[in-house]
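In: just a sequence and a predicted model for now, questions to come.
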Amino acid sequence: MRRSAVEVVRLVMTTWFTAPEGQWTEPDLHLFPQDGHRYEIVDGSLHVAPPEPESHEALVRAVVTTLRAAAPPGWWVCDRLGIEIGPSNLVPDVTVLRPRSSGAVWCDPADVALVVEVETSATRRFDRLLKPSLYAEGGIPALWRVEPGRVSPMLRTYELGAARYRAVHSIEGAEPVKLDAPYPVRVAPATWL
């Protein structure tokens, strides 16, 4: 017997999911299926983003490859590694961990040297407004945001100042540009396509 999409959703919702009575917490995130959605908690409230298109995933892989190629020994470059910042559990597209990090499933922001968000139309406001303020609150020293550019992806880099990020670079094109944070790395966003 073939079920409609609505029937499948109803069945899944009734069999695996019961919302908490209070705030959402990290253990609640383990209730969700691995269905491509991104489930995050912001100040105890659940945030769900739709599955990303393949173009987004390709950009994430390219950024990971670039950062891993330049990483000094002991540094870790991870995609979709969760960060616990107070009552929030965020999942950046890419996370760079310092040497001797704890290795926890939800890492401590003190272990994080850089977070990278690859922006889509569904995550634009979240990636530009809310997540940077939470990353700054956690004391993460560097943030990169990859967004659509005129010809190629645009990389915007930020460094943490007095409780907020300040813009450092806007990079677009195929000419490699040397960055110093989180460690020396050359980036050419046009090559990420």
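Out: That came through fine. Keep in mind it's a predicted model, so treat the numbers as computed, not measured.
In: from residue 83, how far off is residue 39?
Out: 14 Å (CB to CB, to the nearest Å). Quick note: C-beta positions are derived from backbone N, CA and C, even for glycine.
In: so which of the two has more stuff around it?
Out: The residue with more neighbours, out of residue 39 and residue 83, is residue 83; 24 against 19, by other CB atoms under 10 Å.
In: verify the stated contact: the more buried one with residue 113.
Out: No. The criterion here is CB atoms under 8 Å, and residue 83 misses it with residue 113 at 11.9 Å.
In: hang on, the earlier thing: identify the contacts common to residue 39 and residue 83.
Out: Any residue near both residue 39 and residue 83 by CB atoms under 8 Å, 6 or more residues apart in numbering counts here, and that gives residue 91.
In: for the protein, which helix is longest?
Out: helix 54-70 (DSSP state H).
In: the next helix or strand after it pairs with which strands, and in what direction?
Out: Sequence-wise, the next helix or strand downstream of helix 54-70 (DSSP states H and E) is strand 76-79. Here strand 76-79 has these sheet partners by DSSP bridges: strand 94-97 (antiparallel).
In: residues touching the partner strand, excluding its own?
Out: Contacts of strand 94-97 (CB under 8 Å, 6+ apart): 60, 63-64, 67, 71, 75-79, 81, 83, 107, 111-116, 118, 144, 182.
In: please identify the buried residues of that strand?
Out: 94-97 (16 or more other CB atoms under 10 Å).
In: ok, now stretch 163-172?
Out: Using 16+ other CB under 10 Å as the test for burial, stretch 163-172 gives 165, 168, 171-172.
In: please apply the same query to stretch 28-42.
Out: Under the neighbour-count criterion of 16+ other CB under 10 Å, stretch 28-42 has 28-29, 38-42 buried.
In: and if you look at stretch 128-139?
Out: For stretch 128-139, a neighbour-count test (16+ other CB under 10 Å) marks 130-132, 134-136, 138 as buried.
In: next step: those restricted to strands.
Out: Counting by DSSP state E, none of the members of these fall within strands.
In: in helices, which of those fall?
Out: Short answer: the buried residues of stretch 128-139 in helices (DSSP H) are 131-132, 134-136.
In: ok, back up a step: so how far is the longest helix of the chain off the chain centroid?
Out: Chain-centre distance of helix 54-70: 12 Å, with CA atoms, centre = their mean, to the nearest Å.
In: do stretch 66-81 as well
Out: 14 Å.
In: how near is the nearest residue in space to residue 140 that is not next to it in sequence to residue 125?
Out: Using CB to CB, 6 or more residues apart in numbering and skipping the chain neighbours, the partner closest in space to residue 140 is residue 112 (4.9 Å). Going from residue 112 to residue 125 by CB to CB gives 22 Å.
In: of those two, give the one with the bigger neighbour count.
Out: Comparing residue 112 with residue 125 by neighbour count (other CB under 10 Å), the higher total belongs to residue 112, at 25 against 11.
In: returning to what we had before: now, which of the buried residues of stretch 128-139 sits nearest residue 54?
Out: residue 131 (22.4 Å; CB to CB).
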